[in-house]
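[1] Return a 3D structure for these sequence lines:
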Amino acid sequence: MAGGETQTDIAYQNLRSDILSGALTAGSSLQFAQLRESYGHSMGVLREALTRLAAEGLAVKKSQHGFRVIELSLKDLNDLTESRILIETEVFRDSIKNGDLDWETGVVSAHHKLERTEKNLDGDPNSVTEAWALAHQAFHVSLISAASNERLKAYAESLRASAELYRRWSMPFEIEPRDVDAEHRTLRDLAVARDPVAAGDTLVQHLSFTRDLIVRGMQGGTG
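    Numbers count the residues shown, from 1 in each chain. As a prediction, this is how the structure comes out:
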């Protein structure tokens, strides 16, 4: 184990990766016996890892039935997006108001790493590399890292983690051109320019775009 990682950390990371990649499909049951055979960890380690995933919204604990991967639905997507718009945009605006030069440097650095990290896995436009996914997460976390309310910041980060599965789910539905890189550059520029109003409005558009792509895709590209 590198960097002081525990068995729970490793189990959590492997399970999370398999959920996000679709190896563990949405709504599927996470049976301890099968997980022990596949991942080689004790029941206690797996339970702790699944509890962390449930806190992120990637798994659900059902009374008397153990855990399962979260089910994807348009209603839940709409609820999640509305929650992110209400919470994350305000936390982002607060972060801009409170951030110092070190915060600016962190945002620019995180964006630079995101922009320079290979995105698509083996040239497949419907999948992303784990390195890009981690860089994408780090960039969005950097945007809100200077917020003063730690509880709201933690809640915003939790909602963002829950949305990751939907973000990956949206990729096959990108039936119209979307310049995600340009969206991220705009968020960076408005953050560094200390324009909380425009930055918040841009984040709303950024969050809404993924939802709208999925809705149109599920409806056969109409509307």
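[2] Quick one: neighbours of S83, just the number.
    Per other CB atoms under 10 Å, the neighbour tally for S83 reads 16. For glycine as for every other residue, the C-beta is placed from the backbone atoms N, C-alpha and C.
[3] State the three-state secondary structure for the residue lying closest to it once chain neighbours are set aside.
    Closest residue to S83 apart from its sequence neighbours, by CB to CB, 6 or more residues apart in numbering: L159 at 5.6 Å. Assigned state for L159: helix (three-state reduction, DSSP: H, G, I helix; E, B strand; the rest coil).
[4] residues contacting L159?
    57, 80, 83-84, 87-88 (CB atoms under 8 Å, 6 or more residues apart in numbering).
[5] Find the helix or strand that the spatially most central residue of the chain is a member of.
    In the chain, the residue lying closest to the centroid (CA atoms, centre = their mean) is E164, at 3.1 Å. Using DSSP states H and E, E164 falls within helix 150-170.
[6] Show me what counts as buried in that helix.
    152-153, 155-157, 159-170 (16 or more other CB atoms under 10 Å).
[7] Repeat that for stretch 61-68.
    Result for stretch 61-68 [16+ other CB under 10 Å]: buried residues 66-68.
[8] Inside helices: which ones of these?
    Using DSSP state H, no member of the buried residues of stretch 61-68 falls in helices.
[9] I'd like those residues laid out as TSV, including distance to T129.
    Listed next are the buried residues of stretch 61-68 as TSV, based on distance: CB to CB, whole Å:
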residue	distance to T129
G66	31
F67	27
R68	27
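[10] can I get these in a markdown table with distance to A146 and pLDDT?
    Output for those, formatted as a markdown table (distance: CB to CB, whole Å; pLDDT from 0 to 100):
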| residue | distance to A146 | pLDDT |
| --- | --- | --- |
| G66 | 39 | 83 |
| F67 | 35 | 92 |
| R68 | 37 | 91 |
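[11] buried ones in the helix or strand where G106 lies?
    Here G106 sits within helix 101-116, counting by DSSP H and E. Across helix 101-116, burial judged by 16+ other CB under 10 Å covers 103-104, 106-107, 110-111, 113-114.
[12] What separation is there between the closest residue to L30 other than its chain neighbours and A33?
    In this structure, L30 finds its nearest non-sequential neighbour in F67, 4.3 Å apart by CB to CB, 6+ apart. In this view, F67 and A33 are 13 Å apart by CB to CB, to the nearest Å.
[13] Show me where the chain has its helices.
    So, for the chain - with DSSP H - the helices run 7-21, 32-39, 43-56, 74-98, 101-116, 130-144, 150-170, 180-192, 196-218.
[14] In terms of mean pLDDT, which of those helices ranks lowest?
    If you rank the helices of the chain by mean pLDDT, helix 150-170 sits at the bottom with a mean of 83.
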